[in-house]
Structure formats: structure tokens, C-alpha cells
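A.B. asks: Sequence plus the predicted model coming up.
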Amino acid sequence: MELRQLRYFLTVAEELHFGRAAERLHIVQSAVSQQLRRLERELGTELFARSTRVVRLTEAGNRLLPYAREMLALQARAREAIDELRSEQAATVRLGTSSGLGAWLDAVLTAFTRHTDHAQLELVTSSTEERLAQVRAGDLDAALLRGERTDPGLEFLPLWQDALMVALPAGHELAARETVELARLAELPLRLSPRSRNRALHDLVMHSCRAAGYTPVLGPEFTNDQDTLAAIGHGKPSWTVFYAPHADQLPVPGVVFRPLSDPAPVMQTYLAVRNGPPRAALRALIEACYEAVEGARA
């Protein structure tokens, strides 16, 4: 029994006329008659009582009718479900990002291509508050951000953690150490972004310095990577911090990067998404993020 035969059967049952049924199906009448005869042979009974003037359903035809409708309706719903999935997979996922993600972003992008053959990932860079507002408004599907947050309309999925590295003048005595205890930086001016621009990083560094027994001497603000590192490498001795994946991508003459200890500050990264079940393409992004984390652990 073929769905095509059931469709022909249902159309003739509705029209009670082979010619009109053929017109609705956009095929010749003989094809309709041929397929219905095959269906009747397979079932071992006649479905229509035919005469030169009248076509009517037999008892067997009336018994089959509701099942034919149900099976064709199921086919239509199955097709709609697959079409919907294909449409979701082909959609573009807009991901808010920030600087300093380093190898993490590469790992997420690589994993995303393995999880979907159709969806495209568009990266959008903006401030943390702008990214969160765009996720809430639906302008972004998700956003990567550092530091713990709460928002009643959003869900924050914990991903990876990054250690902070200190950036020091290459000629400074601390640059010779493999690891720099945070307390040894107490006398050097700290170049740090203001809290209004990077609350999570500012609070982590200040808290870590206090845990090491001092409040840091604040020097000129951190402006951008290039200018700040140039000032550290060639100006008055000072220090700043970078996330380890970012530091790995910043070989700068006159500057060295060293791990911190006692304490060793670590920043948590989250994926912010709207509450509710994600569509297929966004689900692929979430799975890609988790795969990147698992790959790093392995």
C-alpha cells in the first residue's frame, strides 16, 4: 500500500467521480483507475462500486476512509516537521563575542561546523551590557561573557575558565620568574580598565590583590592592547593582566606574560541565552561550546 494510492483513493472518495478526481490530482483518469485497482487487489476487496453513471464507496471503502485521512495527515505533519528543522538549520545564529577569547573561539567555530551543515554563525562584537541587551531583545541568539551575572529573562550556561596572566616589562626583575606571586606586584602601578567598562575583570583583579594583602597602586587606565603593551614595554614600569588564551596570541617586543599565583585569579566564561527551549541552530551552538570545553579537558 502506497501513500500515493491512498491519496488517489481519498480524492475519488471526496469527488465520487474519477474524472474530477483526476483533474484535482493533475493526472490522467486512467492512472487513477490503475492505481486504485492495484490497491483493491492488494486489499482483496473493492473499495468503490462503479457504474456508468454513479461511483460510490463500498463498505470496505467506508472502513478505509478515516484511516486514509489519518495516514495522509500524518505524512503532511511529518513533512512540516522536517521542513521546519531544515529551515532552523539553515538559519543564521548571531553570537555576541568579545576580545581575548583566543583559541576558545576557534574551538567553538570548529565544533559548530561539525554540529550543523547548514546554519551560519555570525559574530557580533560589542560591550558586555550591549550584548546582554541584544540577547534579551532577540537581536542576538547568544552571547559569550565573562563573570557571573543574573538576569530574570536570561540563562547563563557556564563554559570554561581562564587564568589571568600578568604582562610585565621584559627587563623587570620579576620577568625572570616562571610564576609571579601577586604580592610582588604591590609596588608597581597597575593599568586596569575602569569598573564601568569591565566590571567582572576589575572586581576580580582588585579582590585578588586584596587577598594578597594590598590595594594596588592604579596607574594610567588600560586603553587598548597595542597602546597599553607599548607603554609597559617601553615606558615607566607597570603591569596589567590578560586572559591566558589572549596572551598566547600577543607576542609583543619588550613585554613578557607570566602566570600569577598566591592567589591565581581565574575568570569564568558563560554563554548567555534567552530562557526557553532553543531552536535547532542555537542548540548546535550550545553543543559546540560544551564540546570545546570537553576537548580542552581531554
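C.D. replies: Nice, thanks for sending it over. Numbering: from 1, shown residues only.

A.B. asks: Every contact and neighbour count from this point should use C-alpha atoms.
C.D. replies: Will do.

A.B. asks: Secondary structure element for the nearest residue in space to residue 215 that is not next to it in sequence, which one?
C.D. replies: Sequence neighbours aside, residue 209 is the residue nearest to residue 215 in space, at 6.1 Å (criterion: CA to CA, 6 or more residues apart in numbering). According to DSSP states H and E, residue 209 maps onto helix 199-211.

A.B. asks: I'd like the next helix or strand past that helix.
C.D. replies: Criterion used, DSSP H and E; the element after helix 199-211 is helix 225-234.

A.B. asks: So which bits of that next one are buried?
C.D. replies: 228-229, 231-233 (16 or more other CA atoms under 10 Å).

A.B. asks: After that helix, which helix or strand is next?
C.D. replies: strand 240-243.

A.B. asks: Show me what the next helix or strand after that next one is packed up against.
C.D. replies: Following strand 240-243 in sequence order, the next helix or strand is helix 244-247 (DSSP H and E). Judged by 3 or more CA pairs under 8 Å, 6 or more residues apart in numbering; DSSP states H and E, helix 244-247 is in contact with strand 154-169.

A.B. asks: residue ranges for the helices of this protein, please.
C.D. replies: Ranges of helices in the chain, per DSSP state H, are 3-15, 18-25, 29-43, 59-90, 103-115, 128-137, 199-211, 225-234, 244-247, 280-297.

A.B. asks: and the angle from the fourth one to helix 103-115?
C.D. replies: Using axes from the mean of the first three to the mean of the last three CA atoms, to 10 degrees, the direction of helix 59-90 lies 160 degrees away from that of helix 103-115.

A.B. asks: For helix 59-90, what is the distance to the chain centroid?
C.D. replies: 31 Å (CA atoms, centre = their mean, to the nearest Å).

A.B. asks: pLDDT (mean, whole number) over it?
C.D. replies: The pLDDT scores in helix 59-90 average 86.

A.B. asks: now the angle between helix 29-43 and that helix, please.
C.D. replies: Going by the same axes, to 10 degrees, helix 59-90 makes 110 degrees with helix 29-43.

A.B. asks: Quick check on residue 147: phi, psi?
C.D. replies: With angles defined as degrees, to the nearest 10, residue 147 sits at phi 90, psi 150.

A.B. asks: from what I can see residue 200 touches residue 145, true?
C.D. replies: No: in this structure residue 200 lies outside contact range of residue 145 using CA atoms under 8 Å: 9.5 Å.
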